[in-house]
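In: sharing a model prediction with you, sequence too.
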Amino acid sequence: MTNPWRGEVPLVIDGHPEVMRLTLGALAGLEAALAEPSLVALVERFEQGRFSSADVLAVLKAGLVGGGSSFDPVALDHAEIAGGPMGAARAAAELIARAFVVPEA
């Protein structure tokens with residue numbers, strides 16, 4: 001079970017549920033991995049639909065690390081993600097949104 005108030009997002013990988021979260025450390029790593037100068041630029045990149053499948057994987061990997069998952073982020077490249085590429089992109093976008101927006105009560 002995930003807690004949206006903590007910025008958590010669920011992701012089912014190879015049939016197993018995982019919890020992702022973008023902590024400050026995970027966000028810093030994501031900025032570096034995606035070569036973005038700021039958090040605002042990173043958010044804008046996703047809002048404007050200027051992201052690639054590699055970007056989606058980077059966000060999901062950062063979320064797994066930030067969420068404390070025991071799943072090896074490197075293995076995500078070859079894993080089956082529930083919902084396929086669209087499910088992965090949706091989860092990445094939700095993860096970024098939850099990192100910066102408080103959920104509605």
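Out: Okay, I see it. Residues are numbered from 1 along each chain as shown.

In: quick one: the nearest residue to Ile96 once chain neighbours are set aside and Asp14, what's the gap?
Out: Nearest residue to Ile96, sequence neighbours excluded (C-beta to C-beta, 6 or more residues apart in numbering): Phe46, at 5.3 Å. Using the backbone N, CA and C atoms, a C-beta is placed for each residue, glycine as well. Separation of Phe46 from Asp14 (C-beta to C-beta, to the nearest Å): 25 Å.

In: so which of those two has more stuff around it?
Out: Neighbour count, other C-beta atoms under 10 Å: between Phe46 and Asp14, Phe46 has more, with 19 against 13.

In: tell me what whichever strand or helix holds the residue nearest to Ile96 is packed against?
Out: Following DSSP states H and E, the helix or strand that holds Phe46 is helix 39-47. Packing partners of helix 39-47 (3 or more C-beta pairs under 8 Å, 6 or more residues apart in numbering; DSSP states H and E): helix 24-33, helix 53-66, helix 84-100.

In: so in the protein, where's the weakest helix or strand by average pLDDT?
Out: helix 39-47 (a mean of 84; mean pLDDT, DSSP states H and E).

In: which residues touch it?
Out: Contacts with helix 39-47, where a contact means C-beta atoms under 8 Å, 6 or more residues apart in numbering, come from Leu27, Leu30, Glu31, Leu34, Glu36, Phe51, Asp55, Val59, Ala92, Ala93, Ile96, Phe100.

In: highest neighbour count among those residues?
Out: Val59 (30 neighbours).

In: ok, it - contacts?
Out: Val59 neighbours (C-beta under 8 Å, 6+ apart): Leu22, Leu30, Phe46, Ala92, Leu95, Ile96.

In: and Pro10, what are its bridge partners?
Out: Pro10 has the following beta-bridge partners by DSSP bridges: Val19.

In: please report how far it lies from His16.
Out: 11 Å.

In: cool, Val43 as well?
Out: From Val43 to His16 the distance is 29 Å (C-beta to C-beta).

In: quick one: which of the two has more around it?
Out: More neighbours surround Val43 than the other of Val43 and His16, with 16 against 12 (other C-beta under 10 Å).

In: circling back: dump the least confident helix or strand of the chain to PDB, restricted to CA.
Out: Backbone C-alpha positions of helix 39-47 (Å, rounded to 0.1, in the frame of the first residue of the first chain) are rendered in PDB as follows:
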ATOM      1  CA  LEU A  39      14.300  20.600 -10.500                       C
ATOM      2  CA  VAL A  40      12.100  23.000 -12.400                       C
ATOM      3  CA  ALA A  41      13.700  22.100 -15.700                       C
ATOM      4  CA  LEU A  42      13.200  18.400 -14.900                       C
ATOM      5  CA  VAL A  43       9.500  18.900 -14.100                       C
ATOM      6  CA  GLU A  44       9.000  21.100 -17.200                       C
ATOM      7  CA  ARG A  45      10.600  18.400 -19.400                       C
ATOM      8  CA  PHE A  46       7.900  15.900 -18.300                       C
ATOM      9  CA  GLU A  47       5.100  18.400 -18.400                       C
END
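
In: many thanks, have a good one.
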